[in-house]
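here is my input, please return the structure:
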Amino acid sequence: MKKVIIIGVDGATPDLINKWIKQDKLPNFKKIQKNGVYGKLKSTIPPFSAPAWTSIVTGCNPGKHGIYGFEKTVDQKSHLITSKYRKVPAIWNYLTYLGKKSIIINVPVSYPPVKINGAMITGLLTPSPDSDFTYPESIKKRLQKGDFGKYELESIWLEDFPRSHLAKNKPDKLLDILLKQMESRANAAIKLMKEINWDFTMVVLRGTDTAQHFLFHDDTLLYKCYKKVDELIGKIMGAEPESTFFIVSDHGFQKIKKILYPDNVLYRNNLLVPHNDPSKNVLTLFWNLIYRISRLILSIIPANKIKHSGILKNILFSSASKDKIYDLSKTKAFCTSEGRGIQINSEDSYSKGIVKREEFENIKNEIIKIFSELKDPETGKEFVSNVYRGNQIYGKNAHNPLDLVLDFKKGYTSSEGFRLPNNIFNVLNIEKKKFPILFGDDPVGRSGDHAPYGIFFAYGKNIKPANIIKEPSVEDILPTVFAEMDVAIPNNIDGKIHHEIFIKKPVIKTVDWKLYLSDKKILSTKEMEKINTLKNMFKSM
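Numbering: from 1, shown residues only. Sure thing, here's the model as predicted:
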């Protein structure tokens, strides 16, 4: 069986890589492009890391695997998701059942780790260094001793504030932190691959995502980040030259021009009602003042004290609870999923829901019309490219999907929550219908945000050279990897196998995915061929 390595490069952007390949600045990417397969990889809708990486490792649409974002709103309260929210097996679960050994490093939404045949170090959404984030536990002890070099875990949101401060004041220092993090992931992968007789390895390098969020305006620093990725890819390929490589990203990136706050839109249209009228709320001025001095606070408190602070996380999620902000007895809809999703406050979905079943579709249609007709006041042009109904993109049998999903034209993005005008004195006399919905600045300091297409590269002895693949999707990675590994393809997946990338076309066997969870043994294609050969021999005797 062929050994396969997936190198994930979070947020890697095709346009940037192709530009630097043409300038001979990324030698390993250029080598792979010349001798392998490459193309743009279509992300999920919306193009978020949590659902996209989960689709990559399951082969399933978010409606089937149940992950739509980094958090889940349960009865108007926000909760960070974990791997326990995933409704279908991941690639390492399937391979463990088959007796194949996997090495899994830094894959987002893999916490908490599970018992696998191999080794696992969980990735983004791991709560803290004190948690049990490895399998087996002995790997955590080795990480703490420094056997793999300095290995720091990431956080989300809380870490964005110190990153924003660094990006503004010490961008070189921020980049240096990101490069060292990525190098530690690659070094851990190489070391474990030397120690374990493995069949499949997956390692995700995430520095590119953070760099592009905060440094997308600085081409020089971005290139340094991609250059390091190129070096690490070359290092991993040099350590395992006989393997087949798939290099993928969960989404791409683009420059932020404007940010929409959907809750502001819902407020202007009387669909969302805050507990207090912003124009008459004294606390409004207080919290604006606190926010404006927060950067000073962050420059004093060490970043590692912030990003793994349980107290700050509790404050964050307490303040994110919808019932603390909005009067749910009067609110008909609110946004979620970083401003890309809209949930109807229905009686069927929430204990404090007020929208009756018979008016559910009318509210949906009203919201679709409102957002579809929004125009940028500066250009006079519409900027919402689509308002999807959840079942349009997630399927009829999706696990608790978003009711509506917003998609934007290039340069526009969104943010969750209610945002006040930048000029705090305007709050006191502004009319609801004139409340701003679009902002040209990001409070956290982001200059880049996710785009719909990431990267796809494949390289190995059975991969066609200099071949362009046409729009594979994140769901296609698992079945295509399994085809190369001669592993039976689970029949529940949404992705397809890209036969055109292989020199020798794989013989495909599909199997009921639930058999992977049973006591029945699933045979590989080659094992089935041997059995059939023996059967034919006995028949001829």
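
by mean pLDDT, flag the weakest helix or strand of the protein.
helix 310-319 (a mean of 46; mean pLDDT, DSSP states H and E).

show me how the protein divides into domains.
The chain breaks down by automatic domain parsing into domains covering 4-254+449-487, 258-441.

can I get the ones you listed in JSON lines with mean neighbour count?
All C-beta atoms are positioned from the backbone trio N, CA, C, and that covers glycine. Compiled in JSON lines, the domains of the chain are given as follows (neighbours: other Cβ atoms under 10 Å):
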{"stretch": "domain 4-254+449-487", "mean neighbour count": "21"}
{"stretch": "domain 258-441", "mean neighbour count": "16"}
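
could you list the low-pLDDT ranges of the stretch 401-541 of the chain?
423-430, 518-541 (pLDDT under 70).

ok, which stretches of it are helices?
Secondary structure of the stretch 401-541 of the chain (DSSP state H, counting those that start in this stretch): helices located at 477-485, 525-540.

about what we covered before: the domains of the chain: which one's closest to T510?
With distances scored as Cβ to Cβ, the stretch of these nearest to T510 is domain 4-254+449-487 (9.3 Å).

how long is that closest one end to end?
12 Å (Cα to Cα, to the nearest Å).

same check on stretch 98-106?
End-to-end for stretch 98-106, by Cα to Cα: 23 Å.

any idea of the mean pLDDT in it?
For stretch 98-106, mean pLDDT is 96.

which other residues reach that stretch?
Stretch 98-106 is contacted by residues 1, 91-92, 95-96, 110, 116-124, 185, 188-189, 192-193, 196-206, 485, 487, 516, 522, 524 when judged by Cβ atoms under 8 Å, 6 or more residues apart in numbering.

quick one: average pLDDT of stretch 63-70?
Computed over stretch 63-70, the average pLDDT equals 94.

now do it: distance to the chain's middle.
10 Å (Cα atoms, centre = their mean, to the nearest Å).

quick one: distance of the longest helix that the chain contains to the chain centre.
The residue-count maximum for a helix in the chain (DSSP state H) belongs to helix 171-195. The chain centre lies 19 Å from the centre of helix 171-195; the measure is Cα atoms, centre = their mean.

what packs against it?
Counting contacts by 3 or more Cβ pairs under 8 Å, 6 or more residues apart in numbering; DSSP states H and E, helix 171-195 is packed against strand 102-107, helix 160-169, strand 200-205, helix 207-215, helix 219-239.

helices or strands up against the longest one?
The one in question is helix 219-239. Against helix 219-239 (3+ Cβ pairs under 8 Å, 6+ apart) you get strand 4-9, helix 14-22, helix 27-35, helix 171-195, strand 200-205, helix 207-215.

generate TSV for those, with mean pLDDT and distance to P51 as supplementary columns.
Converted to TSV, the helices and strands packed on helix 219-239 look like this (pLDDT from 0 to 100; distance: least, Cβ to Cβ, whole Å):
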stretch	mean pLDDT	distance to P51
strand 4-9	98	14
helix 14-22	98	20
helix 27-35	97	26
helix 171-195	95	22
strand 200-205	98	15
helix 207-215	96	15
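
distance-wise, check H217 relative to A167.
Computed as Cβ to Cβ, to the nearest Å, the H217 to A167 distance reads 9 Å.

likewise for V481?
Taking Cβ to Cβ, one finds V481 at 35 Å from A167.

kindly report the same for I497.
I497 is 41 Å from A167, by Cβ to Cβ.

what's the answer for T220, then?
Taking Cβ to Cβ, one finds T220 at 14 Å from A167.

T336 against G417, yeah?
No. The pair T336 / G417 is not scored as a contact, 10.0 Å apart, by Cβ atoms under 8 Å.

how about Q343, secondary structure?
Secondary structure of Q343, reduced to three states by DSSP: H, G, I helix; E, B strand; the rest coil: strand.

what's near enough to touch it?
Here Q343 is in contact with 73, 333-336, 349, 402-403 (Cβ under 8 Å, 6+ apart).

which of those fall in strands?
73, 333-336 (DSSP state E).

redo those residues as CSV? Include pLDDT and distance to I7.
Below are the ones in strands among the contacts of Q343 laid out as CSV (pLDDT from 0 to 100; distance: Cβ to Cβ, whole Å):
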residue, pLDDT, distance to I7
T73, 68, 33
A333, 96, 41
F334, 93, 38
C335, 91, 34
T336, 88, 32
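
ok, back up a step: quick one: closest of the domains of the chain to V511.
Here domain 4-254+449-487 is closest among those (Cβ to Cβ), at 9.5 Å.

returning to what we had before: can you redo the domains of the chain as TSV with distance to D512?
Formatted as TSV, the domains of the chain follow (distance: least, Cβ to Cβ, whole Å):
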stretch	distance to D512
domain 4-254+449-487	12
domain 258-441	17
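
which one, of those domains, ends up nearest to P506?
domain 4-254+449-487 (4.1 Å).

now do the closest one: distance to the chain's middle.
Per Cα atoms, centre = their mean, the centroid offset for domain 4-254+449-487 relative to its chain is 9 Å.

was I right to think S385 contacts V405?
No. Using Cβ under 8 Å, S385 is not in contact with V405, being 11.4 Å away.

re earlier: angle of the longest helix of the chain against helix 207-215?
Using axes from the mean of the first three to the mean of the last three Cα atoms, to 10 degrees, one finds that helix 171-195 and helix 207-215 are set 170 degrees apart in direction.

and for helix 171-195, what's in contact with it?
103, 105-106, 119, 121, 143, 147-152, 154, 163, 166-167, 198, 201, 203-207, 210-211, 214-215, 218, 221, 224-225, 228-229, 232, 235-236, 239-240.

one more time with 6 Å, if that's ok
103, 105-106, 119, 148-151, 166-167, 201, 203, 205, 207, 210-211, 215, 221, 228, 232, 236, 239 (Cβ atoms under 6 Å, 6 or more residues apart in numbering).

over to stretch 134-147?
113, 115, 119-121, 151.

so for that stretch, mean pLDDT?
pLDDT averaged over stretch 134-147 gives 94.

hang on, the earlier thing: now the helices and strands packed on helix 219-239 in TSV, please, with extra columns for distance to G63.
Shown next, in TSV, are the helices and strands packed on helix 219-239 (distance: least, Cβ to Cβ, whole Å):
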stretch	distance to G63
strand 4-9	22
helix 14-22	26
helix 27-35	33
helix 171-195	30
strand 200-205	23
helix 207-215	24
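
figure out which of the ones you listed is closest to R268.
Across these, closest to R268 is helix 207-215 (Cβ to Cβ), at 28.3 Å.

that's all I had, so thanks and see you.
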